[in-house]
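[1] here is my input; please provide its structure:
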Amino acid sequence: MKKRSHRGDPDRGGGPVPLSEALGALFASRGYARTRAQGELEAAWEAAVGPEVAERTRLGGVRHGVLSVTVAHPTLLEELAAFRKPTILAALRRGAPGSPVRDIRFRVGPIEA
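    Next up, the predicted model:
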C-alpha cells in the first residue's frame, strides 16, 4: 500500500512546505488578494473619472463582471452612463487587470465620506 503524503502537516509527519505555497494559502484564507484587487479597482476608478467625480461616487462590488457604482445625483449618473462609460471601462481594464469588469451598473444613492 502506498503511503499518503501529508506534506506541510507536522502532526501527520509532513515535511516543510515551500514559502510560496504557505503564503498563497495564507493570502487566500485571509482575503488579502480580494482586498488588494478592491484597492487597485478604486485607484483605477479615480484615475478614470478624476478626483472630483470619484468624491461623488462609491464603488460597490463586482458580481459576474458587473461593477456596481452609486452616484450622488441623477445628472452625474446620466453623464457617466450615457457619455463616459466606454472610456471608463477601458481605463478600468488597463488600471485594474485583477478585477474582471466587463460592465458598470450605476444607481443614485447616498455617498458616505
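[2] what about the strands in the protein?
    57-63, 66-71, 103-108 (DSSP state E).
[3] make TSV from those strands and add distance to Phe83, mean neighbour count and mean pLDDT to it.
    C-beta: built from backbone N, CA, C; applies to glycine. Supplementary listing: these in TSV, determined by distance: least, Cβ to Cβ, whole Å; neighbours: other Cβ atoms under 10 Å; pLDDT from 0 to 100:
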stretch	distance to Phe83	mean neighbour count	mean pLDDT
strand 57-63	15	15	93
strand 66-71	13	18	96
strand 103-108	12	15	97
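[4] out of the ones you listed, nearest to Leu19?
    Nearest of the strands of the chain to Leu19, taken as Cβ to Cβ: strand 57-63 at 29.9 Å.
[5] who does the closest one touch, helix- and strand-wise?
    Here strand 57-63 touches helix 32-49, strand 66-71, going by 3 or more Cβ pairs under 8 Å, 6 or more residues apart in numbering; DSSP states H and E.
[6] try 6 Å this time
    With contacts taken as 3 or more Cβ pairs under 6 Å, 6 or more residues apart in numbering; DSSP states H and E, strand 57-63 sits against strand 66-71.
[7] list the residues that contact Ala72.
    56, 111 (Cβ atoms under 6 Å, 6 or more residues apart in numbering).
[8] distance check, it against Phe83.
    17 Å (Cβ to Cβ, to the nearest Å).
[9] Gly15 too?
    59 Å.
[10] picking up where we left off before, now distance to Leu77 too, for the strands of the chain, in JSON lines please.
    Shown next, in JSON lines, are the strands of the chain (distance: least, Cβ to Cβ, whole Å):
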{"stretch": "strand 57-63", "distance to Leu77": "9"}
{"stretch": "strand 66-71", "distance to Leu77": "5"}
{"stretch": "strand 103-108", "distance to Leu77": "5"}
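[11] hmm, who's touching stretch 83-97?
    With contact meaning Cβ under 6 Å, 6+ apart, stretch 83-97 is reached by 40-41, 44, 47-48, 101, 104.
[12] show me just the buried residues among these.
    If you count burial by 16 or more other Cβ atoms under 10 Å, the buried members of the contacts of stretch 83-97 come out as 40-41, 44, 48, 101, 104.
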